[in-house]
Structures are given as structure tokens and as C-alpha cells.
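*Asks:* sharing a model prediction with you, sequence too.
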Amino acid sequence: MKSLPLGHLLPAVRPQAMLDNATRIQSLLRDRWIDYPRATQALESLERLLATPRRERMPCLLLYGDSNIGNTQIIAKFRRQHPDEFDERLGVEMRPIISMQMPPTPDQHRFYSSLLFELGAPHNPAARLAVLERLARDLLRRMAPCMLIVDEVHHLLAGTYREQRAALNLLKFLANDLRASIVLVGTEDAILSLQSDSQMVSRFTALCRFEWNLTAGAIAFNPLITRGGGTQRILRQMF
């Protein structure tokens, strides 16, 4: 095979350039993490929450922004940095972070069922709410999570006012019961879903991630584009 000029590539990826087309295409389609200031700020905020000693009123965070801005990817990276560990002495999987999605409608029954599914707990979805709640609380206390992350929290707005208040009360209850931080993630509509409860507004620190623009997140991509032979015109087209 003819030698290719690979000086524009990082040393770690140069071997991939020598692979066949199908393999290289598959590699390009995989998710890649590229750090940028807003993501760093969000990850640092999450780290501070996770390191907070348990107390009666734990700090909580609302992470919101435009759709497709990358909040879910930030949560995924944060989860990878804090994997689950199995306690052989207790025979229990210790999970510092539990992450789930808010169900499409803010029904408490569906919420606990979704939570139990994420915990890997066999359960009867048709069981009474009290049964699901008791099972979830028992498992959570054994796993001793420091943080519960609920993505797609703007789904709260799909319910009635009464359902929204019930769901917010559920989140407050879990935060108090577990003495764990709650992180809510969603679009800007997530703010509206919390404004109906003054206690939630006072407890949650809001962190907004703005839409991409040429002066913010694009700066992180500039070295990659220019290294690959790209131009500022390409950068402007991306943002």
C-alpha cells in the first residue's frame, strides 16, 4: 500500500487511516467527546454536587438548554467517570449515580416503574403504587446513591397541573429521603415545569447551556478543523 501523508492527524488516530473504508466509516460514525467551556462548566458543577457531604437539604441542579445541545452526552460522560462498583462484603452493587428519564407523562406509577427498570430490579409494573415505591426506596437505600439524574424533565409539562405538582413532590421526597442531590436535565421548558413550586425553585441552581455559536463552543473545534486542512469558512458553516 502506498504510504499516505498523515502528518495532519494526531498520532493516536493515524493507524485508523490505514484501515479499509468500511472500518474507517464505522469509526467516524461513533460518538466522540470534544470538550468545550460550557461542557466543562457543567461537568465541574456535577462533580461539586457529587462531592457534597450528605446533609438534610442537599443541593440540586437544573441543567437546561436547546434541544440537541448535548446535555445528554454530558450526563453520559459524567456517568462513565463514576462507574458502579460491587461491594463483595455486602453483596450489593453500589451506584454513586443513578440516571433515568422522566416518563413521557409525569405519572408517579410510571416514574417508579422506570426507576426500578434502571435499577435492574424485577417488578410487576401493574403493582400498586405503594408497592413500587417501597421496593424502589429499599433498593435505593441499599445502593446508597449520591445523585439521582432525571433527563427529559420537560416531560412534566405533558401532565395536568395536579400531575406536575405530584411529580415535583416526588422528586423532593426522594431528595430528602435519600439525602442525595437531584439533577434535572431538559430543554428550556424545564424551567416552566419547576416554576409552579417555590420550594423547587429555591432548591435548584439553574445552569443554562446556550445554543452553539461561533464565539463559544466553536472555539474548541477550531484546532481540529484547521489541523485537518479546514478553513474558517467551514467553521462558520457549522455554526
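*Replies:* The structure has been received and is ready for your questions.
*Asks:* run through the helices of this protein in chain order.
*Replies:* 14-17, 21-29, 37-51, 71-81, 108-118, 129-143, 161-178, 189-194, 198-203, 218-227, 232-238 (DSSP state H).
*Asks:* could you save these as a markdown table and add columns showing mean neighbour count, mean pLDDT and distance to L63?
*Replies:* All C-beta spots, glycine's among them, are computed from the backbone N, C-alpha and C. Converted to a markdown table, those look like this (neighbours: other Cβ atoms under 10 Å; pLDDT from 0 to 100; distance: least, Cβ to Cβ, whole Å):
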| stretch | mean neighbour count | mean pLDDT | distance to L63 |
| --- | --- | --- | --- |
| helix 14-17 | 12 | 86 | 33 |
| helix 21-29 | 10 | 88 | 27 |
| helix 37-51 | 16 | 91 | 6 |
| helix 71-81 | 17 | 92 | 6 |
| helix 108-118 | 19 | 94 | 18 |
| helix 129-143 | 16 | 93 | 22 |
| helix 161-178 | 16 | 91 | 14 |
| helix 189-194 | 20 | 82 | 9 |
| helix 198-203 | 14 | 82 | 14 |
| helix 218-227 | 14 | 57 | 19 |
| helix 232-238 | 11 | 53 | 23 |
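*Asks:* tell me the confidence at N213?
*Replies:* pLDDT recorded at N213 is 57.
*Asks:* so which of the helices of the chain is nearest R89?
*Replies:* helix 129-143 (13.0 Å; Cβ to Cβ).
*Asks:* now tell me what touches that closest one from outside.
*Replies:* Outside helix 129-143, the residues that touch it by Cβ atoms under 8 Å, 6 or more residues apart in numbering are 90, 92-95, 98, 108-109, 112-113, 115-116, 119, 121, 123-124, 174, 177-178.
*Asks:* from the middle of its chain, how far away would it be?
*Replies:* Offset of helix 129-143 from its chain centre (Cα atoms, centre = their mean, to the nearest Å): 22 Å.
*Asks:* brilliant, that's me finished.
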